[in-house]
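*Asks:* kindly generate the corresponding structure for this input.
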Amino acid sequence: MAANPRIDGDEDSIDVSTRRIQRLRSHLAPAPATDSQLLLYRSPCARVMPALPDPSLLSAYLRGRHRDVQERVFRYFISRPELHTPLEIGRDDHRELCMKQLIGLVRGVGIKPLRLISDDPAQYFAVVEAAGAVDMSLGVKFGVQYSLWGGSVINLGTKKHRDKYFNEIDNLNYPGCFAMTELHHGSNVQGIQTVAIFDPATDEFVINTPNDGAIKWWIGNAALHGKFATVFAKLILPSPESKDGADMGVHAFIVPIRDVETHCVLPGIEIRDCGHKIGLNGVDNGALKFTNVRIPRDNLLNRFGDVSRDGKYTSSLPTINKRFAATLGELVGGRVAIAYSSVAVLKLSLTIAIRYSLLRQQFGPPKQPEISILDYQSQQHKLMPMLASAYAFHFASKCLVDEYAEMKKTQDEEVIGDVHTLSSGLKAYITSYTARSLSTCREACGGHGYAAVNRFGDLRNDHDIFQTFEGDNTVLLQQVSAYLLKQYQEKFKGGTLTVTWNYLRESMGAYLSQPNPVTIRREGEEHLRDPSFQLDAFRYRTSRLLHTVAIRLRKHSKTLGGFGAWNRCLNHLLTLAESHIESVILAKFIEAVESCKDSSTRSVLKLVCDLYALDRIWKDIGTFRNVDYVAPNKAKAIHKLTEYLSFQVKNVAKELVGAFDIPDEVVRAPIALQSEPYNQYTQFVGF
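*Replies:* Residues are numbered from 1 along each chain as shown. Sure thing, here's the model as predicted:
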C-alpha cells in the first residue's frame, strides 16, 4: 500500500512533464486557432469590430484647411527630380541642394513664410511639416530662416526693423542666422558672454567675443549662406560708477556677417564650419567670432529695451529678468515648429513600418499560407501604441499651434505663460518619444529596415538633434515642473488658476482625500473605455506627483537650499512634467474625438484614443498600484483590454496611416509601397 502513493506521484510528475512539453511545442509551432480560441477575439471587448474608416474623411479631419498648401508643396517637388535628395550625397552637395530646395519652396511654390507667421501661423507650420517631409534638412533650414532669423526680427524688433527687413527676409534676399548658443553656454542663455558695448561717440554698438568660450556655435546658415545674424549679447552702457560699464542684460542685435552683393565675409567677423554632423548635413552650421564689429544703434532689436542717442536706457519692463523672460517668450515659435515637425517624422516612420508589416509574410500555422507579420501580437505591441501616440500628438500639437496663434493675436499674459510651458513640454515629450520610436520602427522591419534606401537611418539621424536644439529636453521639462509648482502655490494661496491648469483644483482635492474604493476595483470594458476614468487617472497621477514633490522640496530646502533641493528632487520633477504633458495630450485627443462630426471617423478615433490612454496607464501601472488607485484585478483587465485594442487598431492600421496622406514619392522607401514593395527595392540594387 505504501508504494501506491509513490507510483501515483510518479504518474503526476509524468503528466506535468508531458503538459510542459506540449506547451513548449505549442509555442514553437502554434496550432490553428480553435472555435473556442476565436471566441477570445469576439468577447467581451470585441463584440463589434471597428468599421473601416473612409481615409479621405479621416485625412480631411486631420489636415483640415492645410491640406491644399501641403499638396502644393508636394506637387512642386515631385515634379522636379533635380530637387530630389539622392540617397548618397556628400555634405557640400547636400548643402547646395538644400539651398536650391529652399529657393524653390519660397519662389517656386510661391510661399510667403514671414507673412504667414504674422497672419496665419497654423498655415506656416503646415508648410514646415511638408518641407520636412521632402527633406528634413530643408525643414530645418526653412525654420532657421523664418522662425528664428525672421521671427527674431519681427518679434523682437519694432516698425523700423519690419520696414527695412521684412520683405527682404521673406523673399530670401536676406538669408540669415540666429546666433544665440555659445560654445560654453547652450541652455543657460543668461550666462552668455558675448558683449555689445555702446559707443556714444559714434552712436554704435561694438560687438565682441571676449574669449573662445563665447564663440557662437552650431549657428544654422552661418557656414555658407547667411548674410545677417541676430546676435544675442549682453548690452553694456558706459557708467561713471564702473569701468566695465552697466550690464543691462541679454539683448538681440542685427549684425551683418557677409556683404549682401559680393557675399564676402565682413571685417571683424570670423566664420568657421562646424563640420560633418550625425545628421541634417544639408544645413550649414557654423561658428561665429566677433572682434570690434561695429553696428548702428538702430540694429538693436528694441521692442523690450532701447538706448537713446545720449546712451540712456529705457524699457517698459523694470528688471533684467522680466526683459529676458519677455524676449525668450517671443521666440517660442521655433519650439512649436519642432514639436509639430517631430509628429510628422513619427507619422512618416510609422507609414513605412506599418505598410511593410502588412505586406511582409512570415511563418504561420502548419500547411497553411504564411501570415502578415502585423498579425503577430508582438508586432502589434510594438507598433499600434505608437500609431495611437502619433494621432494623440497630432491633435495636441495642432492645439498648441492654435494657442500660439491666439497668443500672437492677443498678447494675453496668461496665454503667453501657457504657450511657453506647453511648447516646452510638448517639444520635450514628443521629440524624445519619436527618437525612441524610430529605432523601434527600424527593428520592426528586420533587415530591410537597415537598408539606407528604406530611410530609417536618415530619419533617425536627422531627427536626433530635435531633442537638443531649441532647448535641451531635460531643461524644458524642468520649466514645466517649475510652472506647475507656481500654479500649485497659487491654489493654496486662493489664487485663480488659468484654464490649462484648472484640472489641478479638482484632482488635487481628490488626491488629498482617499481614492474611491469602488472605482479602483471596477474593471468592466465600459468603465475602462470611459474618457472620464482615463482622464481622471492621468490627472490623479499628476496631482499626486505635484503634491509629493512640493513636500520634498520644502523638506530638503531647509538643509540644502533651493538649488540643492531642486537637484535632489530632479528625477521626481522630470516625471511630474511628463505626467502633466501626458494629461494634456489625452485631454486634447478626447476633445478631438468628441468634436468629430462624422460617426465612423469618430468611432475609429475613439478606438485609437482608448488605446493611447490605456497603454499609458498600463506602462505606468506600478505607480497606480502603489497608491491603490488601481486594484490588482483592474490592472489585469487594463492589460488584457490594451492588448485587444492593439489587435483592433491593427485591423484599421492601413487606413489610419493612409489618412496621413503622404504621397509615395515623398515617403520614398521601397518597402513602404502599398503593393509590390520589393520591385523597386530589387531594381535599386540592380536586378
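*Asks:* which ones are touching I320?
*Replies:* Residues counted as contacts of I320 (Cβ atoms under 8 Å, 6 or more residues apart in numbering) are D247, M248, G249. Backbone N, C-alpha and C define where each C-beta goes, glycine included.
*Asks:* with adjacent residues omitted, what lies nearest to A653?
*Replies:* Among residues not flanking A653 along the chain, I354 sits closest, at 5.2 Å (Cβ to Cβ, 6 or more residues apart in numbering).
*Asks:* ok, the one you found - contacts?
*Replies:* L374, L383, L387, A653, K654, V657.
*Asks:* what's the domain layout of this structure?
*Replies:* Per the record, the chain has its domains at 55-169, 177-320, 333-665, by automatic domain parsing.
*Asks:* want to try JSON lines for those, with distance to A326 and mean pLDDT as columns?
*Replies:* Formatted as JSON lines, the domains of the chain follow (distance: least, Cβ to Cβ, whole Å; pLDDT from 0 to 100):
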{"stretch": "domain 55-169", "distance to A326": "9", "mean pLDDT": "95"}
{"stretch": "domain 177-320", "distance to A326": "5", "mean pLDDT": "95"}
{"stretch": "domain 333-665", "distance to A326": "9", "mean pLDDT": "90"}
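*Asks:* as CSV, those with distance to Y678 would be great.
*Replies:* Listed next are the domains of the chain as CSV, based on distance: least, Cβ to Cβ, whole Å:
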stretch, distance to Y678
domain 55-169, 17
domain 177-320, 27
domain 333-665, 9
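*Asks:* buried residues in the lengthiest helix in the chain?
*Replies:* Using DSSP state H, we find that the single longest helix of the chain is helix 531-568. Residues of helix 531-568 classed as buried: 531, 533-547, 549-550, 553, 556-557, 565-566, 568 (neighbour count, 16 or more other Cβ atoms under 10 Å).
*Asks:* tell me the contacts of the closest residue to S481 other than its chain neighbours?
*Replies:* Spatial nearest neighbour of S481, chain neighbours left out: L573 (4.1 Å); criterion: Cβ to Cβ, 6+ apart. L573 sits next to L477, Q478, S481, V549, W566 when contact means Cβ under 8 Å, 6+ apart.
*Asks:* how about CSV for those, with distance to A233 added?
*Replies:* Shown next, in CSV, are those (distance: Cβ to Cβ, whole Å):
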residue, distance to A233
L477, 28
Q478, 25
S481, 30
V549, 36
W566, 29
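*Asks:* which one of the residues you listed sits closest to G220?
*Replies:* Closest to G220 out of the contacts of L573 is L477 (24.1 Å), distances taken as Cβ to Cβ.
*Asks:* and that closest one, that one's in a strand?
*Replies:* No: if the criterion is DSSP: H, G, I helix; E, B strand; the rest coil, then L477 is helix and not within a strand.
*Asks:* about what we covered before: after the longest helix of the chain, which helix or strand is next?
*Replies:* helix 570-595 (DSSP states H and E).
*Asks:* chain center to that following helix, what's the gap?
*Replies:* 13 Å (Cα atoms, centre = their mean, to the nearest Å).
*Asks:* quick one: buried residues of that helix?
*Replies:* For helix 570-595, burial by neighbour count (16+ other Cβ under 10 Å) applies to 573-590, 592-593.
*Asks:* just to revisit the earlier point, the contacts of I320 in strands, which ones?
*Replies:* Residues of the contacts of I320 located in strands (DSSP state E): D247, M248, G249.
*Asks:* now those residues as TSV including neighbour count and distance to L350?
*Replies:* Listed next are these as TSV, based on neighbours: other Cβ atoms under 10 Å; distance: Cβ to Cβ, whole Å:
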residue	neighbour count	distance to L350
D247	14	49
M248	18	49
G249	18	44
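*Asks:* with respect to L52, which of the residues you listed is nearest?
*Replies:* G249 (58.4 Å).
*Asks:* I'd say the closest one and I236 touch.
*Replies:* No: G249 lies out of contact with I236 (Cβ atoms under 8 Å); the separation is 10.1 Å.
*Asks:* between the two, which contacts overlap?
*Replies:* By Cβ under 8 Å, 6+ apart, no residue touches both G249 and I236.
*Asks:* okay but D306 is in contact with Y313, surely?
*Replies:* Yes: with contact defined as Cβ under 8 Å, D306 counts as touching Y313 (7.4 Å).
*Asks:* ranges for the strands of the protein?
*Replies:* Under the criterion DSSP E, the chain contains strands at 176-179, 195-199, 204-208, 216-219, 228-239, 242-256, 269-273, 286-290, 293-296, 306-307, 313-314.
*Asks:* out of those, which is the most enclosed?
*Replies:* Comparing those by mean neighbour count (mean count of other Cβ atoms under 10 Å), strand 176-179 ranks first with a mean of 30.
*Asks:* just the residues contacting it, thanks.
*Replies:* Residues outside strand 176-179 that contact it (Cβ under 8 Å, 6+ apart) are 144-145, 148-150, 152, 169, 216, 219-222, 226-232, 255, 257, 286, 288.
*Asks:* before we move on, what about stretch 643-656?
*Replies:* Counting by Cβ under 8 Å, 6+ apart, 41, 45-46, 49-50, 52-53, 55, 58, 354-355, 358, 374-375, 377, 380-381, 383-385, 387-388, 391, 604, 607-608, 610-611, 614-615 sit against stretch 643-656.
*Asks:* buried subset of those as a PyMOL selection?
*Replies:* Buried residues within the contacts of stretch 643-656, by 16+ other Cβ under 10 Å, are selected in PyMOL with:
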select buried, resi 45+46+50+53+55+58+354+355+358+374+375+380+383+384+385+387+388+391+604+607+608+610+611+614+615
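*Asks:* what about the contacts of stretch 643-656, which are in helices?
*Replies:* Counting by DSSP H, the contacts of stretch 643-656 place 55, 58, 354-355, 358, 377, 380-381, 383-385, 387-388, 391, 604, 607-608, 610-611, 614-615 in helices.
*Asks:* residues of stretch 656-669 that come out buried?
*Replies:* L656, V657, G658, A659, F660, D661, I662, V666, V667, R668, A669.
*Asks:* shouldn't G213 be in contact with G186?
*Replies:* No: assessed by Cβ under 8 Å, G213 is found out of contact with G186, at 11.4 Å.
*Asks:* the two: which has the busier surroundings?
*Replies:* Per other Cβ atoms under 10 Å, whichever of G213 and G186 has more neighbours is G186, with 18 against 13.
*Asks:* for that one, which non-adjacent residue is closest in space?
*Replies:* Excluding its sequence neighbours, the residue lying closest to G186 (Cβ to Cβ, 6+ apart) is D472, at 7.0 Å.
*Asks:* just R616 next, same as before
*Replies:* E582 (5.9 Å).
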